[in-house]
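[1] this one's structure only:
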């Protein structure tokens, strides 16, 4: 595919699937590497590049750009990554604000919130698949190392790692609203 061809941009913008697929295949890897260099997170970087191509396809009829497709795509990935970084900063700032605002009232309501958190944690753990829950409990509550868990359950260390990753991801998603409380509780426990 000749990426400098003047006919390529009109074909792409008109919805020619073969042209879009060619552009996608040509740029997906270098754009992913570029996004990783900005975000320092491979998974998020992949999502940002996918977003750029999705938006390119969805908005193709309304897009107007001059110059090369390469310049457009790199600029779009850069902007998508910056938007993601800004969004992450807003989330962190919000969590810190919530933590600050709840600090004064935290001592009064900590007991109830911890009970609520304990219930939510138990509920979230009960929702985990059995093997995943068992691996998590052995690791976090019985302080077993991955090798010890693998030996006890008769599974590979890689399976233990995968199950722990799945458990942590699921729990993180289900307990996201309790993150400020967890941070406060851990900081109090460690006297930070």
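    That came in fine, so what should we check first? Quick caveat: nothing in here was measured; it's all calculated off a predicted structure.
[2] assign residue 62 to helix, strand or coil.
    Three-state assignment for residue 62 (DSSP: H, G, I helix; E, B strand; the rest coil): coil.
[3] how close does it sit to residue 41?
    30 Å (C-beta to C-beta, to the nearest Å). Placement of C-beta: from N, CA and C, glycine included.
[4] if you count what's nearby, which of the two comes out ahead?
    residue 41 (15 against 7; other C-beta atoms under 10 Å).
[5] mind listing what's buried along the helix or strand encompassing residue 35?
    Taking DSSP states H and E as the criterion, residue 35 maps to helix 17-39. For helix 17-39, a neighbour-count test (16 or more other C-beta atoms under 10 Å) marks 19-20, 22-24, 27, 31-32, 34-36, 38-39 as buried.
[6] what's it in contact with?
    1, 3, 8, 11-12, 42, 44-46, 48-49, 52-53, 56-57, 60, 69-70, 73-74, 77-78, 80-82, 84-85 (C-beta atoms under 8 Å, 6 or more residues apart in numbering).
[7] from those, which land in helices?
    8, 11-12, 42, 44-46, 48-49, 52-53, 56-57, 69-70, 73-74, 77-78, 80-82, 84-85 (DSSP state H).
[8] please indicate which of those residues are buried?
    8, 11-12, 44-46, 48-49, 52-53, 56, 69, 73-74, 77-78, 80-81, 84.
[9] residue 144 contacts residue 150, correct?
    No. Residue 144 is not in contact with residue 150 according to C-beta atoms under 8 Å; the separation is 9.5 Å.
[10] tell me who's in contact with the nearest residue to residue 32 once chain neighbours are set aside.
    Closest residue to residue 32 apart from its sequence neighbours, by C-beta to C-beta, 6 or more residues apart in numbering: residue 49 at 5.2 Å. Residue 49 is in contact with 28, 31-32, 35, 77, 80, counting by C-beta under 8 Å, 6+ apart.
[11] tell me which two of these sit farthest apart.
    Farthest pair in those (C-beta to C-beta) is 28 and 80. Separation: 14.0 Å.
[12] distance of the residue nearest in space to the middle of the chain from residue 26?
    Nearest residue to the geometric centre of the chain (C-alpha atoms, centre = their mean): residue 44, 5.6 Å. Note on residue 44: its distance to residue 26, by C-beta to C-beta, is 22 Å.
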